[in-house]
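J.: sequence first, predicted model second:
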Number of protein chains: 2
Amino acid sequence: MENQQPPNSANNAVGQPPGGGATFQPLYEQIKALITRSLVVGEWGPGELIPSEFELARRFGVSQGTVRKAIDALAAEFIVVRRQGKGTFVATHTAPTHQYRFLRIRADGADLDSAKHHPRTIFVGLQKAKADSSSAAKLALRLNQSVWVISRLLVFDDRPLIFDEIVLAQSGFPNLSMEKLVASRGSIYSFLETAYGTRMVRAEESIKAVGANKLAAKHLGVPVGTPLLSVDRVAYSYGDKPVEWRRGLCLTDGYSYYNDLA
Amino acid sequence: MENQQPPNSANNAVGQPPGGGATFQPLYEQIKALITRSLVVGEWGPGELIPSEFELARRFGVSQGTVRKAIDALAAEFIVVRRQGKGTFVATHTAPTHQYRFLRIRADGADLDSAKHHPRTIFVGLQKAKADSSSAAKLALRLNQSVWVISRLLVFDDRPLIFDEIVLAQSGFPNLSMEKLVASRGSIYSFLETAYGTRMVRAEESIKAVGANKLAAKHLGVPVGTPLLSVDRVAYSYGDKPVEWRRGLCLTDGYSYYNDLA
DNA sequence: GAGTGGTCTAGACCACACC
DNA sequence: GTGTGGTCTAGACCACTCT
């Protein structure tokens, strides 16, 4: 073979080889960052096929094994999905199995894998509002910046169980309307992905037990003061950018919030 | 080098090389199972150093890279912990940072990493009981099998926040006593590890919002009916063996249950 | 310096999907 | 068959820890 390059040779598309810099960062981390960057700028959209490992290896001037490690890391975070024999795809919320990936509420008897009949969504309202200190902090916005507030009800087996209020910056999601939401017929995240190209990659939740307020009591059909789960969520897109803040009030009668601790 | 072996040669301590069997299982999965087996039988106890990657590779007749992949998987499940330059250790709950690894309750303002001041434990009671249908199902016991029921209070910043009732099979944990529990001065899991060699590797929780019953109200110092988190947990040891079932009733006033969704 | 985990490469072959 | 991801090996060198 001609033009054989020694390992870690200088014709490297990425930064310092290991040991070369003051702050050591493995090559595969750099490759991962480069691939993430391509995802951020939209070189490959949700659901699309990304180049093969060998092709990326050629592009970045590293070995296939190194690209592999980078993609392994991305796959572990569900940012991409590998499919043997087919290729590696940008992950998406539109697939039925992943539409409610972040939803941890299940019927008590239900097997965690099968029988997860998805909820039905009823949109209650869409309002323009100004970010208060709380939502500004959680979404990294300026105070009084324009936001959308979406109210909706999640109905499981014909029982309204969750009343959600969802906050999004208007700047990131222009021309939102009740019609579009209703027409989307699926999860919010699936809609944001197809309509705006924004994909949520992870979320943080913090949960409290509260008594139902008047609004929630009305929507959920229970007396004021009924114990509910209050689930606060901040959802992040690529690069840990906070995009959505929501608070769900959830009736846990016959249903529970499931969590795996590892 | 003499005695060089071709790749995938027959002198293989483990089963079929890839492609050899009807149901394909990667070599590193088999190695992982072998290492897990050694953990189950106690060849290396919690906190102990396991043999180096090269040594295990020699023992199992595979390459170091394959052992590495097996250990990677175990490390991802926090079953072992790698420490560069030192070796790989069996994970433990005794280290201060890991003592309350499964505890997801944090003060509201608290940084998730720092400032996680640990709770103080007050043991309330230890009773002998018979497994009812619920605990028998969750712990894979026979009905009426003898169990321990431990009651305790977790105190955060001088405020009692969690009232736990913990169920363990007596067969697995003989000669338990209030004195030993009180003397252990730490988390239950840390105690079970040092006293019985049983290590919890993962847990499943299911959470509801409930009103405080009389017992919980008394211990937590709140009115009956106060909204509380009811956190059910089944904890598993090596090989997905269910070992502990508990129900915690938790006051979420200034504190929340945190969860990362990925 | 010796030993351990961590990274990177190169090449072989297997499993799977699509043509 | 061709191309993709998946597994396995072998060897080199780096980073870290302890002696």
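T.: On my side now, so go ahead.
J.: name the residues that touch stretch A:188-204?
T.: A:42, A:45-46, A:77-79, A:90-94, A:99, A:101-102, A:150, A:166, A:172-173, A:180-181, A:184, A:233-238, A:243-244, B:258-262 (CB atoms under 8 Å, 6 or more residues apart in numbering or on different chains). For glycine as for every other residue, the C-beta is placed from the backbone atoms N, C-alpha and C.
J.: and what about A:Ala70, helix, strand or coil?
T.: Secondary structure assignment for A:Ala70 (DSSP: H, G, I helix; E, B strand; the rest coil): helix.
J.: just the pLDDT at the closest residue to DNA strand C within the stretch 151-262 of chain A, thanks.
T.: Nearest residue of the stretch 151-262 of chain A to DNA strand C: A:Ala262, at 18.3 Å (CB to the nearest atom of the strand). Note on A:Ala262: pLDDT of 88.
J.: for it, give its distance to B:Leu249.
T.: 24 Å (CB to CB, to the nearest Å).
J.: tell me which of these two has more neighbours.
T.: Taking other CB atoms under 10 Å in any protein chain shown, A:Ala262 and B:Leu249 do not tie; B:Leu249 has more neighbours (23 against 11).
J.: for that one, list the residues it contacts.
T.: Counted by CB under 8 Å, 6+ apart, B:Leu249 has contacts B:162-164, B:210, B:212-213, B:216, B:220, B:228-231.
J.: which one of the residues you listed sits in the busiest neighbourhood?
T.: Of all the contacts of B:Leu249, the most densely surrounded is B:Leu228 (28 neighbours; neighbours counted as other CB under 10 Å).
J.: ok, back up a step: can you redo the contacts of B:Leu249 as JSON lines with distance to chain A?
T.: Formatted as JSON lines, those follow (distance: CB to the nearest CB, whole Å):
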{"residue": "B:Ile162", "distance to chain A": "12"}
{"residue": "B:Phe163", "distance to chain A": "13"}
{"residue": "B:Asp164", "distance to chain A": "15"}
{"residue": "B:Val210", "distance to chain A": "5"}
{"residue": "B:Ala212", "distance to chain A": "9"}
{"residue": "B:Asn213", "distance to chain A": "12"}
{"residue": "B:Ala216", "distance to chain A": "12"}
{"residue": "B:Leu220", "distance to chain A": "12"}
{"residue": "B:Leu228", "distance to chain A": "5"}
{"residue": "B:Leu229", "distance to chain A": "5"}
{"residue": "B:Ser230", "distance to chain A": "8"}
{"residue": "B:Val231", "distance to chain A": "9"}
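J.: intersect those residues with the contacts of DNA strand C.
T.: When CB under 7 Å from any atom of the strand is taken as the criterion, no member of these contacts DNA strand C.
J.: keep only those of those that are in strands.
T.: B:162-164, B:210, B:228-231 (DSSP state E).
J.: which pair of the residues you listed spans the longest distance?
T.: Maximum pairwise distance among the ones in strands among the contacts of B:Leu249 (CB to CB): 14.5 Å, between B:Asp164 and B:Val210.
J.: which member of the ones in strands among the contacts of B:Leu249 is positioned nearest A:Ser134?
T.: Out of the ones in strands among the contacts of B:Leu249, the one with the shortest distance to A:Ser134 is B:Leu229. That distance is 21.6 Å, counting by CB to CB.
J.: which residues touch the closest one?
T.: Residues counted as contacts of B:Leu229 (CB under 8 Å, 6+ apart) are A:207-209, A:229, B:207-210, B:248-250, B:252, B:257.
J.: got the contact list for the closest residue to A:Gly87 other than its chain neighbours?
T.: In space, and not counting its chain neighbours, A:Gly87 is closest to A:Leu49: 4.9 Å by CB to CB, 6 or more residues apart in numbering or on different chains. Counting by CB under 8 Å, 6+ apart, A:Leu49 makes contact with A:86-89.
J.: and stretch A:213-226, end to end?
T.: Its start and end residues considered, stretch A:213-226 measures 8 Å (CA to CA, to the nearest Å).
J.: what's next to it, contact-wise?
T.: Stretch A:213-226 is contacted from outside by A:124, A:153, A:160-161, A:163, A:211-212, A:228, A:249, A:251, B:225, using CB under 8 Å, 6+ apart.
J.: dump those to TSV, plus pLDDT.
T.: TSV is the format used below for the contacts of stretch A:213-226 (pLDDT from 0 to 100):
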residue	pLDDT
A:Val124	96
A:Leu153	96
A:Pro160	96
A:Leu161	97
A:Phe163	98
A:Gly211	97
A:Ala212	97
A:Leu228	98
A:Leu249	98
A:Leu251	97
B:Gly225	96
